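Colleague: my questions concern the predicted model and sequence given below.
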Amino acid sequence: MSNFKKFAKHLENSISGVFLGAQVFHKKGYTVKVNPSLLAPSSSEWENYADNGDLEVSMRVEVKQSGYDFTNKDDFPFKAPIVCGKNAWDRAMPKPRFIMLLNKKGTHYSLISADTREHWIVKELNDKRYGPEYTQEFYMCPLEYFHFYEV
């Protein structure tokens, strides 16, 4: 059997695994795109049929705009910023991969990864958006886990 025929057989056999992988991410709440795996008519045409990967899995990012201006850790106004509301995070499916906090002017942002979750603490704070008596629980994280960038 030629290498091209062997490749064609391996490609055909791999399709069920690709869809199983897509199902795993789908069940976790992600949007999944399955890219086509097309077999070239001949081995000399393989470059025209090479795929761009098997799956594309969407990533959830929450974006907040701050009422404060900052450009980096040095001028950020808090030592342990709010990551997000506890209730919003706990019920989110899928969980955001990142939380982006834009400064007031929209010129800079901080980014915190969900991978830092073990460093988050819960604190009950007044939520001034809803009045002086309204409080809710928030996840907060030390500033050292935030990364800063220019837009």
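Modeller: Alright, I've got the coordinates. Numbering: from 1, shown residues only.

Colleague: every contact and neighbour count from this point should use C-alpha atoms.
Modeller: Noted.

Colleague: pretty sure Asp127 contacts Gly85?
Modeller: No - with contact defined as Cα atoms under 8 Å, Asp127 does not count as touching Gly85 (9.8 Å).

Colleague: give me the common contacts of these two.
Modeller: Listed contacts common to Asp127 and Gly85 are Gln136; contacts here mean Cα atoms under 8 Å, 6 or more residues apart in numbering.

Colleague: now do the residue sitting nearest the centre point of the chain against Ser2, distance only.
Modeller: In the chain, the residue lying closest to the centroid (Cα atoms, centre = their mean) is Arg97, at 2.9 Å. Relative to Ser2, Arg97 is positioned 44 Å away (criterion: Cα to Cα, to the nearest Å).

Colleague: same check on Val18?
Modeller: As for Val18, its distance to Ser2 is 24 Å (criterion: Cα to Cα).

Colleague: again with Leu20
Modeller: 28 Å.

Colleague: and the two? Which one has more around it.
Modeller: Neighbours around Leu20 and Ser2, counted as other Cα atoms under 10 Å, are more numerous at Leu20. The numbers are 11 against 7.

Colleague: A strand includes that one, no?
Modeller: No - residue assignment for Leu20, taken from DSSP: H, G, I helix; E, B strand; the rest coil, gives helix, which places it outside any strand.
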